[in-house]
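Novice: need a 3D model of the sequence below.
(chains A and B)
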Amino acid sequence: MKTTVKQVLFYLLLLGIWQLIVSLRIWPTYMLPSPYMVFESMYHGFADRTFVTGLAISIRRIILGYGLSVVFGVSLGFLIATSDFLESTLGKLLLGLQSLPSICWLPLAVLWFGLSEGAILFVVIMGSLLAIAINTEIGVRLVPQILLQAGRNLGAGGWGLFVHVLLPASMPHLIAGLKQGWAFAWRSLISGEMLFVSLGLGHLLMVGRDLNDMSQVVAVMILIMTLGVLVDRILFRTLDRRIRRKWGLVRV
Amino acid sequence: MPKTTDTPWLRESKLLLENVSRSYRTPEGTMVALERINLNVKEGEFLCLVGPSGCGKSSLLNIMAGLDQPTSGEIWSNGRRQDGPVQDHILIFQDLALFPWLTVLENAEFGLRMKGVAAAERRERARAFLRLVHLSKFENSYTHELSGGMRQRVALARAMVMEPDVLLMDEPFAALDAQTRDLLHEELERLWQETNSTIVFVTHNVREAVRLGDRVMLLTFRPGRVKKAFFVELPRPRHMEDPELALVSRDLLGHLREEIDRSVREEYHDEDNG
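Specialist: Reported below is the predicted structural model:
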C-alpha cells in the first residue's frame, strides 16, 4: 500500500513539473504540449475510436508475432541445447544475430513480404525469437545433471524426462527469456508499424508527427508504455514471483 | 524380529559384481576409478562401502544403479545379467537431487507417477512413507523450506516408496550434524528392518559403516579395489556410542589408515605438480 501512495505522489509531482515547464512558456505548445492537451488527445482518440482500432490492431499483431516467437524460440532453444555441435554453430550465430536491432530486418522483410502484415510479423519475430531461444538454451544447459540422473533413476525416460524434469528445471530461465522476448517484441512491433500505413499504435505515432500534433504523439507514447508495462507486470511479474517462491529464490 | 538372528551371507544373492572395472578418459590419460571389483550383495543385507575420497564409490553406485556402464566386468541382479537401464535399483544421491519445483508430497510421488500409478493410489502410498519418516505435516512444503535432515528424509521417502529391489545410498548423511545423523540412523535401521530391503550404503565414516552395516567393505584409494570385508556381528539396534562399536571401528580404521594416508599424499603430490 505504502509504495502505491509513493508512486501516486511521484507521478503527480511529475505532472506538476511538466505543467510548470509548459506554463513558463519556454517552448511553444506545438513543441511541448501541456498535460491537459495530451489528455484531450487521449480522450478524442478513444472517442473517435482511432486509438481503439490502433490498439486492437497492435494487440492482434503482438499476440500472433509473440506467440509464434514463443513456440519457435522455445523449440529452437531446446533443440540447440541437445547437441554441442548445434550450440557451437547455430547457438553462436543466434548470439551474433541478437546484437542486431530487429528493425535492421525491415528492408529485407519489405522486400520479401511487401508492405504487409507479413513484414511486420517478421520483424517482431526476429526481435523476440532470438532472446527466447538463447535463454531457453541457457536454462536447459544449467539444469544440474544430477536432477536428470535422479529422474532417470526414478523411472523417467524420453518424453517423461523432458516434461517432468527438464522443462520444469529450466523454467526460471525460460521465463526470464519470455519476459525479455516480450520487451523486444513490443519494441519491434512499434518500430515496424512506424514505417508504413499499418494502422497500429506505431502508425498513430507517425500520423501525429505528420499532422504536427505533438499531443497525439505523447498520448500514443503513454499508451504504448502503459500496455508494455501492464503485460510485464501482470503476466511476467506474477509468473516470476510464483517460480521464485516455489524455488526459494527470494525470501517471502 | 531383528535380522541379526539369521545369517545374511547365506541368503540369495541380490546383486553380484564380477571383476567390474571402470576407467575414464581424462586430458592426462586414462584414469582407472574402479579395478576388478567383486562383491556380492545378499538379499536383505545392509552393506556398507567405506573408502577415502577418490576411491570410486560414486562410480560404483552409479554402475549399480544402471546410470553408468562398467568398462569391463559383469553385473548380475537376482541371478540375471544386468545390462542397460535398471528399473528398481533406486539411488539416493549425495546431493539428494530433490526436485525444487515439486512439493514434498509430489517429490515422494515422482517415481510412482513415472511408473503410471494412478493419482489416488500413488498419493496414498507416498503419504504412508512420509508418515514413516515423520514428514506428514510438511507434505505441501517445498524442499527449500526444509532443514537438511528433513530434506534427507524426503529423499529417503522418495526412494523407499518405490520399494526398490536394492536401495543405494551415496554418503547421504555426510552434511548433517551429529544429532540429526544419529536420529536418521535409527530411522533408517528401523525402515530397513520393517521393509526387508537390501541396502548398499556408501560412506567415508568408518563408525557410521559399523553402526549400520551387516557387512563393511573397505575400498582402496585410486584405483578403487576391495581391500577387505568385515562382518559386523553386533546386536541391533545399535548406537554410535556403543563401546563394542567403537572397538570394531578402531580395528577397521587401522586397515583404512593406510589408504587415507595414500590419498592425502597423492593429493599433496598433485598440488605440488599443479
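
Novice: from here on, just use CA atoms for contacts and neighbour counts.
Specialist: OK.

Novice: next, the buried residues of stretch B:138-150.
Specialist: Within stretch B:138-150, the residues scored as buried using 16 or more other CA atoms under 10 Å in any protein chain shown are B:138-139, B:141-144, B:148-150.

Novice: make a markdown table from these and add distance to chain A to it.
Specialist: As requested, the buried residues of stretch B:138-150 are exported to a markdown table (distance: CA to the nearest CA, whole Å):
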| residue | distance to chain A |
| --- | --- |
| B:138 | 14 |
| B:139 | 14 |
| B:141 | 9 |
| B:142 | 6 |
| B:143 | 8 |
| B:144 | 6 |
| B:148 | 15 |
| B:149 | 18 |
| B:150 | 16 |
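
Novice: so the residue in chain B that chain A sits nearest to is in which element?
Specialist: Here the residue of chain B nearest chain A is residue B:111; by CA to the nearest CA that distance is 4.8 Å. Residue B:111 is located in helix B:104-115, with elements delineated by DSSP states H and E.

Novice: got phi/psi on the most centrally placed residue in chain B?
Specialist: By CA atoms, centre = their mean, chain B has its centre lying nearest to residue B:169, at 2.2 Å. In terms of degrees, to the nearest 10, the main-chain angles of residue B:169 are phi -130, psi 130.

Novice: now for it: which residues touch it?
Specialist: The contact partners of residue B:169, by CA atoms under 8 Å, 6 or more residues apart in numbering or on different chains, come to B:61, B:91-94, B:199-202.

Novice: among these, show me the least confident.
Specialist: Confidence by pLDDT is poorest for residue B:94 among these, given 86.

Novice: ok so that one is a strand residue?
Specialist: No - assessed with DSSP: H, G, I helix; E, B strand; the rest coil, residue B:94 is coil; it does not lie in a strand.

Novice: how many neighbours does it have?
Specialist: For residue B:94, the count of nearby residues is 18 (other CA atoms under 10 Å in any protein chain shown).

Novice: I'd say it and residue B:168 touch.
Specialist: No - in this structure residue B:94 lies outside contact range of residue B:168 using CA atoms under 8 Å: 10.5 Å.

Novice: and the next element down the chain from the helix holding residue B:111?
Specialist: helix B:119-132.

Novice: which helices and strands does that following helix pack with?
Specialist: helix B:104-115, helix B:148-160 (3 or more CA pairs under 8 Å, 6 or more residues apart in numbering or on different chains; DSSP states H and E).

Novice: now do 10 Å
Specialist: helix B:104-115, helix B:148-160, helix B:178-195 (3 or more CA pairs under 10 Å, 6 or more residues apart in numbering or on different chains; DSSP states H and E).

Novice: buried set for the helix or strand encompassing residue A:77?
Specialist: Assigned by DSSP H and E, residue A:77 belongs to helix A:50-81. Within helix A:50-81, the residues that count as buried by 16+ other CA under 10 Å are A:50-51, A:53-55, A:58-59, A:61-62, A:65-66, A:68-70, A:72-81.

Novice: repeat for stretch A:199-214
Specialist: For stretch A:199-214, using 16+ other CA under 10 Å, the buried residues are A:199-208, A:213-214.

Novice: re earlier: from the buried residues of stretch B:138-150, which single one is nearest residue A:96?
Specialist: residue B:144 (37.4 Å; CA to CA).

Novice: what helix or strand is the closest residue to residue B:69 other than its chain neighbours on?
Specialist: Nearest non-adjacent residue to residue B:69, counting by CA to CA, 6 or more residues apart in numbering or on different chains: residue B:63, 5.6 Å away. Here residue B:63, judged by DSSP H and E, is contained in helix B:57-64.
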